[in-house]
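In: Below are the sequence and a predicted model for it; my questions follow.
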Amino acid sequence: MHPASPPPDRSGLDALLRNRPFLALWTGQLLAQVADKIFYVLLIILVKTGGYTPGQNPDNSMLSAVMIAYTVPAIVFGSAAGIVVDRFSKKQMLIACNVIRAVLIVALPFLPKAFVVLLTMTFLVSTVTQFFAPAEAAAIPLAVGREGLMSANALFASSTMGGIIVGMTIGEPLFSWVKHSFGAASQEFLLGGLYLISAGLIYTMRIKEAHPGSSGKNVHPWQDLKEGLRYVKHNHLVSNAMVQLTILYSVFAALQVLAIALSGKIGLKETQFGFLLAAAGIGMVFGAAFLGHWGDRFHQKPLPLIGFLMMGFVLAMFAFVRQLWVGFGLSAVFGFGASLINGPMQALIQEKTPESMRGKVFGLENNAINIALSLPLALTGPLTDAVSKAVGSDDLGLRIVLLSLGFLVSVMGMAAWRHTRKVLQDVL
């Protein structure tokens, strides 16, 4: 693995921004992230106004069915996608995923306006997306080399959150303008175009792969899956890093739910919760800069533990914050703490996993994270409602949940580090 640039003596964000293979991969995945979230918005628009009628079912049932079709592939196909990724060129896989998604979405206006068609296309697009994530994670080491892994992963994590926020924010007004200007079918053509542009950017990426374009013959999915599980089980560095990342994304999922109510307490409308998450994204960008420029000086420090303690502290402080600027500041600190976990742990997995195993490992990681995300997303809202009802106050109920979650995150972080420090502290 020898990226075309930057020179070996350069490191940090400055080197990444001069690295053409990395820039092609980063901008391509960022555009794909935005397109993913715009597609999510498009699904809601199509259910509401697209003329897809499943009989007498109400809109809420239709929305639930579409969301299930959108999320199930992440759990079902996460590990299988990693097995396939290891058999093919990462670059070709990324391009193919974008092109296939573009074709599926552009085909929607020409298909029958039946609800089962919309469900099927949603399921197919989401399934293809599961192959993009492990291929992207496996391609990062090929683009930046060992020295840039930590800052590259921190930057990817922050831009991923940025893509989510941008996509959710611009989706509805963008589709309204395009539909008014060019007609209904233009919505699907716009979204398909975004995926094709992403494919074009990734096409310009020049990386060297050990087995580019290897044949998919003699595939044994069950054996490959067992091989990946066996590797993770026996490689304690990788498995313990995955534990830390799973906890991290579970906490983020809980924050996404709580941010809706919290935004109303600090002077925002509840529908503007994205601004609070955007502040966390900014904090992750600063975390990426910190890791890129000074990460080597702190490589012997327990950065993940510090990150968990920062996140726990912020969640507890959110219980008492009522000023907008303080809320934004704390959210940025939360994002900074998250970057101290995500950057080192993701870089560690990439560095310690052989190229031939990366697809399987990142497929398993993606699968574990998606399963872990589902619990906080499903439980945080009802739990907050139940506590608020028990104490007779929405404000007090939210405070109790935030304080409890802050304490739980700190304890989980300390427990995870205590369990993993023997195998992690020597390589961080």
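Out: Here it is on my side, so go on. Computed from a prediction, not measured in an experiment: that's the story for all the values here.
In: Give me the below-cutoff pLDDT ranges for the stretch 1-150 of the chain.
Out: 1-13, 50, 53-61, 63-64 (pLDDT under 70).
In: Let me see the ranges of the helices in the stretch 251-400 of the chain.
Out: Here the stretch 251-400 of the chain has its helices, by DSSP state H, counting those that start in this stretch, at 273-294, 303-318, 324-352, 358-391, 394-424.
In: Tabulate these in JSON lines, adding columns for mean neighbour count and distance to Met205.
Out: C-beta coordinates here come from the backbone N, C-alpha and C atoms, glycine included. Output for the helices of the stretch 251-400 of the chain, formatted as JSON lines (neighbours: other C-beta atoms under 10 Å; distance: least, C-beta to C-beta, whole Å):
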{"stretch": "helix 273-294", "mean neighbour count": "22", "distance to Met205": "20"}
{"stretch": "helix 303-318", "mean neighbour count": "24", "distance to Met205": "29"}
{"stretch": "helix 324-352", "mean neighbour count": "24", "distance to Met205": "17"}
{"stretch": "helix 358-391", "mean neighbour count": "19", "distance to Met205": "16"}
{"stretch": "helix 394-424", "mean neighbour count": "18", "distance to Met205": "31"}
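In: out of those helices, nearest to Gly162?
Out: Closest to Gly162 of these is helix 273-294 (C-beta to C-beta; 4.9 Å).
In: average pLDDT for the closest one?
Out: The average pLDDT within helix 273-294 is 79.
In: May I have that helix exported as CSV, CA atoms only?
Out: Coordinates of each C-alpha in helix 273-294 appear next as CSV, following Å, rounded to 0.1, in the frame of the first residue of the first chain:
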residue,chain,number,x,y,z
PHE,A,273,-32.5,19.7,16.6
GLY,A,274,-30.2,19.2,13.6
PHE,A,275,-28.3,22.4,14.7
LEU,A,276,-27.4,20.8,18.0
LEU,A,277,-26.1,17.7,16.2
ALA,A,278,-24.3,20.0,13.8
ALA,A,279,-22.4,21.5,16.7
ALA,A,280,-21.3,17.9,17.6
GLY,A,281,-20.1,17.5,14.1
ILE,A,282,-18.0,20.7,14.4
GLY,A,283,-16.5,19.3,17.6
MET,A,284,-15.6,16.1,15.7
VAL,A,285,-13.8,18.2,13.0
PHE,A,286,-11.7,19.9,15.7
GLY,A,287,-11.1,16.4,17.2
ALA,A,288,-9.9,15.3,13.8
ALA,A,289,-7.5,18.3,13.6
PHE,A,290,-6.3,17.6,17.1
LEU,A,291,-5.6,13.9,16.3
GLY,A,292,-4.0,14.8,13.0
HIS,A,293,-1.5,17.4,14.4
TRP,A,294,-0.9,16.3,18.0
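In: just to revisit the earlier point, same list (the helices of the stretch 251-400 of the chain) but as a markdown table, adding distance to Leu30.
Out: Compiled in a markdown table, these are given as follows (distance: least, C-beta to C-beta, whole Å):
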| stretch | distance to Leu30 |
| --- | --- |
| helix 273-294 | 12 |
| helix 303-318 | 23 |
| helix 324-352 | 16 |
| helix 358-391 | 18 |
| helix 394-424 | 28 |
